[in-house]
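Q: Got a predicted structure here, sequence first:
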Amino acid sequence: MNSVTALNPTPGANMQHWPQRIEMAAAFRWTERLNFHEAVANHFSLAVNEDGSQFLMNPNQMHFRRIKASDLLLLDANDPATMDQPDAPDPTAWGLHGSVHRLCPHARCLMHVHSIHATVLASLADSNMPPIDQNTATFFNRYAIDNDFGGLAFEDEGARCATLLADPKVKTLIMGNHGVLVIGDTVAETFNRLYYFERAAETYIRALQTGQPLRVLSDEIAEKTAHEIETYPGQAERHLSELMAILDEEGSNYAS
């Protein structure tokens with residue numbers, strides 16, 4: 001852990017799962033800095049028990065730029081009284097994240113945003129993303145497309161989305177007419193995937209804008225590239241570690 005602040009949390013702060021809280025808070029801060037967020041909407045969550053039913057998530061309508069480790073809610077996907085509590089989460093966040101954590105135990109960390117290029121991709125009649133460079137190849141055969149948007153992500157919509165993540169190979173859900181949901185085993189892995197998906201979507205959208213034919217990789221090379229990136233040692237962890245180091249150097253209060 002890079003953060004000096006992490007060793008001295010705010011007195012009285014919720015200390016359960018403290019290292020995970022710090023990583024989550026850093027991810028929120030950088031997502032805002034990259035302009036992947038949308039006002040006080042969008043949500044990240046992280047499972048903290050074996051079956052994935054208990055998870056950390058951002059509070060209702062708190063801006064990503066202000067979220068601290070101690071602000072995160074600790075929720076139980078199997079608790080029917082969650083939305084009756086005074087610090088209840090956003091109803092759509094509960095609907096989507098609660099459903100996925102309840103129904104997909106392998107989805108440890110979830111990050112859902114309406115980032116610009118991912119949402120443009122999700123708004124196309126064909127939301128497939130062909131492998132035209134290294135970043136787009138990263139997602140070759142590793143995403144699903146939701147073609148049945150039914151409105152805000154309350155529990156029925158969340159449960160439907162969860163069925164599209166049943167295949168453990170699917171790490172990214174392109175939510176048609178909506179945005180993107182990425183999953184992973186850790187905060188670092190999931191944030192890294194979110195970052196590169198937005199980069200990949202931007203490359204593809206900008207390539208389409210040229211009106212020129214696309215240079216699409218073969219399936220064999222796309223799969224080889226995706227596998228090589230998946231097995232590249234330590235890149236996601238180092239990515240998040242470096243971002244946290246920058247926040248620490250700036251004197252950010254994210255880890256409090």
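A: Received the coordinates, thanks.

Q: Buried residues in the strand or helix carrying Arg193, which are they?
A: Counting by DSSP states H and E, the secondary-structure element that holds Arg193 is helix 187-210. Neighbour-count burial for helix 187-210, counted by 16 or more other CB atoms under 10 Å, picks out 187-205, 207. For glycine as for every other residue, the C-beta is placed from the backbone atoms N, C-alpha and C.

Q: quick one: stretch 139-159 to chain centroid distance?
A: The gap between the average C-alpha position of stretch 139-159 and the chain average comes to 14 Å, counting by CA atoms, centre = their mean, to the nearest Å.

Q: Quick check: end-to-end length of it?
A: Between the opening and closing residues of stretch 139-159 we find a distance of 23 Å, counting by CA to CA, to the nearest Å.

Q: Give the buried residues for that stretch.
A: Going by neighbour count (16+ other CB under 10 Å), the buried part of stretch 139-159 is Phe139, Phe140, Arg142, Tyr143, Ala144, Ile145, Asp146, Ala153, Glu155, Glu157, Gly158, Ala159.

Q: do stretch 106-119 as well
A: By neighbour count on 16+ other CB under 10 Å, the buried set for stretch 106-119 is 107-119.

Q: Please flag which of the buried residues of stretch 139-159 sit within helices.
A: With helices taken from DSSP state H, the overlap with those comprises Glu155, Glu157, Gly158, Ala159.

Q: Which of those sits closest to Glu230?
A: Set against Glu230, the nearest of those by CB to CB is Gly158 (27.0 Å).

Q: Next up, the contacts around Asp156.
A: Counting by CB atoms under 8 Å, 6 or more residues apart in numbering, Asp156 touches Gly95, Gly150.

Q: Got the confidence number for it?
A: Asp156 is assigned 81 on the pLDDT scale.

Q: Can you give me the distance of it to Ile229?
A: Taking CB to CB, to the nearest Å as the measure, Asp156 falls 35 Å from Ile229.

Q: ditto for Leu56
A: As judged by CB to CB, Leu56 and Ile229 stand 27 Å apart.

Q: who's more crowded, these two?
A: Neighbour count, other CB atoms under 10 Å: between Leu56 and Ile229, Leu56 has more, with 24 against 17.

Q: quick one: the strands in this protein?
A: With DSSP state E, the ranges of strands along the chain come out as 43-47, 54-57, 73-76, 109-113, 143-146, 172-175, 179-184.

Q: Can you list the neighbours in contact with the fourth one?
A: What that stands for is strand 109-113. When contacts are defined by CB under 8 Å, 6+ apart, strand 109-113 is touched by residues 27, 31, 36-38, 42-47, 96-97, 100-101, 175, 179-187, 189-191, 193-194.

Q: Got a PyMOL select line for the buried ones in these?
A: The following PyMOL command selects only the buried members of the contacts of strand 109-113, with burial defined by 16+ other CB under 10 Å:
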select buried, resi 27+31+36+37+42+43+44+45+46+47+96+97+100+101+175+179+180+181+182+183+184+186+187+189+190+191+193+194
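
Q: who's in contact with Arg142?
A: Lys169, Val170, Lys171, Thr172, Ala226.

Q: Nearest to Ser241, out of those residues: which one, please.
A: Lys171 (21.0 Å).

Q: any idea how far the most centrally placed residue in the chain is from Ile183?
A: What sits nearest the mean C-alpha location of the chain, by CA atoms, centre = their mean, is Met111, with 1.8 Å. With the distance defined as CB to CB, Met111 ends up 8 Å from Ile183.

Q: Which neighbours do these two have in common?
A: Common neighbours of Met111 and Ile183 (CB under 8 Å, 6+ apart) are Thr190.

Q: Could you pull out the helices in this structure for me?
A: Going by DSSP H, the chain shows helices at 18-33, 91-93, 99-103, 116-122, 134-138, 155-163, 187-210, 219-230, 235-249.

Q: Which of those helices sits closest to Ala77?
A: Nearest of the helices of the chain to Ala77, taken as CB to CB: helix 99-103 at 4.0 Å.
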